[in-house]
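In: Quick one, structure for this:
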Amino acid sequence: MYNDRTYPALSLKDKIADYGLLIKFKLSLTVVFSAVMSYLIVGGSNVNFIGTLALFIGGMLVTGAANALNQVLEKDYDGLMERTKNRPVVTGRMSPSEAVLAAGLMCLVGITILGTFNALTAFLGMLSLVLYSFLYTPLKRFSSVAILIGTLPGALPVLIGAVAIQGSISSLAIVLFIIQVLWQLPHFFAIGWLGFDDYQKAGYKMLPVKDQKLDPKIGLLSFFTALPLILIGFAPLMISGINLIACVLVGLTGIVYSAFAWKFYINADRASALKLMFCSFFYLPIILFSYYIGSIT
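Out: Numbering: from 1, shown residues only. Take a look at the predicted model:
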């Protein structure tokens, strides 16, 4: 539960570290990475450093705001899980009002920066924040459908990056969005399986099963959501001119990802879940860099 005891004044270094935890800095970097890569893939030779930097800063601020709101809304449950019990709001090192104020300022500045590209970019940024903070966050205590909902704000960054450079949602942007949605599902299933007991303590329904060790459904769902990535990986070849070599590399990466998901289904153990999770970490940067190289060569 939320710890409201008074902490001694924190040093500047500790305060900065707490704000890093509040915005989930590493997670935010991963999210914004996909937006920037989409911006580069779709923009090709039309991108410039100032635009890329503005997208990065605006994206980090909006993502950080969403993560801060998430921690305020979950402050009564984060203390029940090992993974989240040291977050600044749940420990009382930062008050909920300070976190909300920080989130509001980050949102205001971030959306304003995204709005300098075009109105649709700003709208998608705000939509991502609302879906993550006010739909996915509360829903995961009631239904595992939250995982499906969570893929939407998780995949919106690639649309944001594409729209920032194009001003509209292109066919390539939709393909990148679909890929990011599908990629997240085996990723979430593996994480949900590994942290099943911890999530249970906090009342989070992260998997559509009551006992992950006895139900092979999670592995099978992981496999069937990874499998389409193989064929979808070739779609940019037909709709945007990204070269064949890049698409073949993306397709091969999809085969590897699907193979790890199949192993997870067959073995249903911690080792196979860990391998799938780590494979998911590598999948996204490999395919996005492949598409980027394929778009400029």
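
In: need the helix or strand of this protein with the lowest average pLDDT.
Out: helix 196-202 (a mean of 84; mean pLDDT, DSSP states H and E).

In: Show me how far that helix is from its chain's centre.
Out: Average the C-alpha atoms of helix 196-202, do the same for its chain, and the two points are 21 Å apart (CA atoms, centre = their mean, to the nearest Å).

In: just stretch 193-205 next, same as before
Out: That offset, for stretch 193-205, works out to 19 Å (CA atoms, centre = their mean).

In: mind checking the end-to-end distance for it?
Out: One end of stretch 193-205 to the other measures 11 Å (CA to CA, to the nearest Å).

In: Would you mind listing the buried residues in it?
Out: Buried residues in stretch 193-205, counted by 16 or more other CB atoms under 10 Å: 193-196, 198-200, 202, 204-205. Glycine gets a C-beta too; all of them are placed from N, C-alpha and C.

In: Tell me the helix or strand right after the least confident helix or strand of the chain.
Out: Downstream of helix 196-202, the next assigned helix or strand under DSSP states H and E is helix 217-226.

In: Buried ones in that following helix, by neighbour count?
Out: So, applying 16+ other CB under 10 Å, buried residues of helix 217-226: 218-226.

In: Tell me the one of those nearest residue 49?
Out: Taking CB to CB as the measure, residue 226 is the one of those closest to residue 49, at 35.2 Å.

In: Against residue 152, how distant is the closest one?
Out: Distance, residue 226 to residue 152, by CB to CB, to the nearest Å: 19 Å.

In: ok, now how distant is the residue lying closest to residue 59 once chain neighbours are set aside from residue 150?
Out: Distance criterion CB to CB, 6 or more residues apart in numbering; nearest residue to residue 59, sequence neighbours excluded, is residue 32 at 3.9 Å. From residue 32 across to residue 150, the span is 17 Å (CB to CB).
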